[in-house]
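# Dropping the sequence and predicted coords here.
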Amino acid sequence: MTDSNEFKDDENDKDWEMGDEATGKPDKFRDAVKIGMRFNISSGVLALIINLVLLAVGLKEECISWNAIENLKKRMGTEARNEHDEVNVGLACMKMDGKTSKVNIGHNKTVKQETTTVIKEPKPGYLDHFHFAKKGLAIAGGMMNIILRTKSYLTLLAIGCDSTASNTSPKKGSIKFIEEQLGRCVQWIICLFHQAELPSRCLFGILDGPMKFPIGPTGPIGIAIRDINENLTPIVNFQKLKSNVKDIVNPKELFKGQNEMLMFYELIKGIESGNIDKEKYEKKQMPPMSQCRWRTTFMRVLSLYIRTENPTKELVTLVKYILEAYGPMCFDIVLYPQVYNGTYHFFNYAQNAKVRS
């Protein structure tokens, strides 16, 4: 017995399946194809969506085949690449940063992949990216491909990166291999956040005992800050401490979308003035600790200080270091990010740290 409501094939149901018979000119759909490429929509699905919209407005003759969409994608990609390469020629500065991300390989499976993204300076802009193993030689090979393609072999003056050994090692670092290929030295622009955190880690170890990775700090302060989100005791009448962090007129606007930086600034200024926003920070959860970003660890140290009635000498010393040396450098980098200010930032940091010691 056939249900009267059962769907039946109809001539009109096949109208959208235009296939290779579609005669619409693809160039008029460039904007739709660009959006489809951005969200990784297949050519078949994109052709289906476009054709359904055209049929809905009575423009059957404008329908387009999936083959035409696929060819348009390839043409647009080639045009974008050629335009990108024409603009980015003879560059003076490149900066790179790597990260590990999960890549979908199909069948609900993912693999971890190391990807390095490269940008240009002084007018920031995306250049390229490449996949690599965690080796300086492999990173240097990927960078040299970009240097040669952008015809920057003779014009490149500086390379920026973080201070990991795979980049900065004098024997196996990527910059060392790049300089060998270029036959000359280039200016190293190393991330100041990383440079400030390495001495900070050493100081933390001296004051609170050795680090154990991946656990991190294991002394009394380390144990307390690791469990601080589970032990949010009331804020006490803590002792005000001097800070070298400059006053920022509108921190909420400056750090819009950067909640960690805003919290860090408010904690420092609160300890400096002795006036912490208790309504906000009494039960405020601190960000996770990370061995790569010591700023979040130091935020927990500040949170511990404002909750400790009789802080130890080691805790007070660490908080003073954060307020007088580490914190000022972090915010100076944000306020004055230009490369030529880098030496001033590091000099001031070293001077403040020396005075603190």
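Yep, that arrived.

# From here on, just use CA atoms for contacts and neighbour counts.
Noted.

# Tell me where the stretch 201-350 of the chain has strands.
211-212, 216-217 (DSSP state E, counting those that start in this stretch).

# winner for burial among those strands?
Per-stretch averages of neighbours, counted by mean count of other CA atoms under 10 Å, single out strand 216-217 among these, with a mean of 20.

# Give the residue spans of this protein that score low on pLDDT.
Residues of the chain meeting the criterion pLDDT under 70: 1-24, 133, 213-216, 291-292, 355-357.

# Go through it and flag its longest helix.
helix 66-87 (DSSP state H).

# next SSE after that helix?
Going down the chain from helix 66-87, the next helix or strand is strand 93-106, by DSSP states H and E.

# Let me see the domain layout of the protein.
11-86, 93-190, 193-356 (automatic domain parsing).

# Return the set of buried residues in stretch 76-89.
For stretch 76-89, the neighbour count (16 or more other CA atoms under 10 Å) marks 76, 88 as buried.

# Tell me how far that stretch lies from the chain's centre.
25 Å (CA atoms, centre = their mean, to the nearest Å).

# The closest residue in space to residue 146 that isn't next to it in sequence: which element?
In space, and not counting its chain neighbours, residue 146 is closest to residue 128: 7.4 Å by CA to CA, 6 or more residues apart in numbering. Per DSSP H and E: residue 128 is located in strand 125-131.

# any idea how far stretch 331-348 is from the chain center?
19 Å.

# Quick one: end-to-end length of that stretch, please.
12 Å (CA to CA, to the nearest Å).

# what's it in contact with?
189, 192, 245, 246, 329 (CA atoms under 8 Å, 6 or more residues apart in numbering).

# Also stretch 307-324?
204, 207-208, 221, 232-238, 241-245, 268, 298, 301-302, 305, 352-353, 356.

# can I get the CA coordinates of it in PDB?
Presented in PDB, the C-alpha positions along stretch 307-324 are these (Å, rounded to 0.1, in the frame of the first residue of the first chain):
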ATOM      1  CA  ARG A 307      44.800  36.600  50.200                       C
ATOM      2  CA  THR A 308      47.700  36.000  52.500                       C
ATOM      3  CA  GLU A 309      47.700  37.600  55.900                       C
ATOM      4  CA  ASN A 310      51.400  37.100  56.700                       C
ATOM      5  CA  PRO A 311      53.200  36.500  53.400                       C
ATOM      6  CA  THR A 312      56.700  34.900  53.500                       C
ATOM      7  CA  LYS A 313      59.800  36.900  52.600                       C
ATOM      8  CA  GLU A 314      60.000  34.800  49.400                       C
ATOM      9  CA  LEU A 315      56.500  35.600  48.400                       C
ATOM     10  CA  VAL A 316      57.000  39.300  49.000                       C
ATOM     11  CA  THR A 317      60.200  39.300  47.000                       C
ATOM     12  CA  LEU A 318      58.500  37.600  44.100                       C
ATOM     13  CA  VAL A 319      55.600  40.000  44.100                       C
ATOM     14  CA  LYS A 320      58.000  43.000  44.200                       C
ATOM     15  CA  TYR A 321      59.900  41.500  41.200                       C
ATOM     16  CA  ILE A 322      56.600  41.200  39.300                       C
ATOM     17  CA  LEU A 323      55.500  44.800  40.100                       C
ATOM     18  CA  GLU A 324      58.900  46.400  39.500                       C
END
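
# returning to that earlier point: could you export the strands of the stretch 201-350 of the chain to a markdown table, including columns for distance to residue 344?
Listed next are those as a markdown table, based on distance: least, CA to CA, whole Å:
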| stretch | distance to residue 344 |
| --- | --- |
| strand 211-212 | 30 |
| strand 216-217 | 30 |
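
# what about residue 54, is that helix, strand or coil?
Under DSSP: H, G, I helix; E, B strand; the rest coil, the three-state class of residue 54 is helix.

# which residue sits closest to it in space, ignoring its chain neighbours?
Closest to residue 54 by CA to CA, 6+ apart is residue 60, at 6.1 Å.

# Check residue 204 too.
Excluding the flanking residues, the one nearest residue 204 by CA to CA, 6+ apart is residue 318, at 7.4 Å.
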